[in-house]
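Undergrad: output the structure for:
(one chain, ligands or ions: 1)
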Amino acid sequence: MTGGARRLIVAIDGPAGAGKSTLARALARALGYTYVDSGAMYRVVGLAARARGIDPADGAAVAELLDGLDFALRPAPEGQRVLLDGRDVTDELRTPAAGEWASRVAALPEVRQRLVERQRRLGEAGGVVMDGRDIGTVVFPGADCKFYVTASAAERARRRAREIGAPASDLPEIQRDIEARDRRDSERVHAPLRAAADMETIDTTGLTADEAVGRVLARVTERAKA
Ligand code: DC
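TA: Next comes the predicted model:
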């Protein structure tokens, strides 16, 4: 980064599997910023609720659980590690079950309110790239740069299959799961996933990861000089 450039808040939103976190992580590295994966917070709460047999639709019970939960996000060379009760749970958080439970507890206003507060504390000083579903709309509506990263559902299913080593015959089911999660994230009443008018949409369907990073990096660097 050039001296004197402002340290910005960069918000990256979009559906699951669009390449958001790869993009956000690479961008943070290139800028010397901290990467914050806000989805990991919802995943921690989902995982803890599942482990303790708490109904993910019971707002009061999940809020009580969250208030007593000791977890922390730690910047790491590969992006971010997550500690729960002092134990590194980063890999467990990536499982489909954690994603499923995260999506359920993310629909609860009691959970969103608490996690949004934590996200604001982590990012308010700037020099941060935060990704999620509502970063540019709710968490930091005044963010310096806001991107909506997306890709077709078919492309996202292909990427997901590659990531988990699933055969091509599983693609229809993977795509159906992705579409179901999109619907739940976009149709929920509280802070639904949406592209706001002041976000720049980056469709990664036909782009390599490097191309997507190059495009976003150019925008942010320009903005940091302004
Ligand atoms: O990005 P992810 O797959 O790790 O997100 C897990 C779930 O958390 C997903 O269903 C959407 C939800 N989420 C959210 O509602 N708001 C955020 N800022 C980040 C994630």
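
Undergrad: can you pull the contacts of the closest residue to R156 other than its chain neighbours?
TA: Closest residue to R156 apart from its sequence neighbours, by C-beta to C-beta, 6 or more residues apart in numbering: G17 at 3.6 Å. Where you see a C-beta, it was placed from the backbone N, CA and C, and this is true even at glycine. Contacts for G17 (C-beta atoms under 8 Å, 6 or more residues apart in numbering) come out as A151, R156, A157, R159, R160, I178.

Undergrad: got a ChimeraX select line for the buried ones in those residues?
TA: Per 16 or more other C-beta atoms under 10 Å, the buried members of those correspond to this ChimeraX selection:
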select :151,156,157,159,160,178
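
Undergrad: lowest-confidence one in the contacts of G17?
TA: pLDDT is lowest at R160 among the contacts of G17; the value there is 87.

Undergrad: from K225, how far off is it?
TA: Separation of R160 from K225 (C-beta to C-beta, to the nearest Å) stands at 37 Å.

Undergrad: same question for V149.
TA: From V149 to K225 the distance is 23 Å (C-beta to C-beta).

Undergrad: and the most centrally placed residue in the chain, how close does it get to E64?
TA: Residue closest to the average C-alpha location in the chain (C-alpha atoms, centre = their mean): G132, at 2.9 Å. For G132, the distance to E64 equals 24 Å [C-beta to C-beta].

Undergrad: got a list of what the residue nearest to the centre of the chain touches?
TA: Counted by C-beta under 8 Å, 6+ apart, G132 has contacts I12, D13, D37, S38, G39, Q119, V139.

Undergrad: done for today, thanks.
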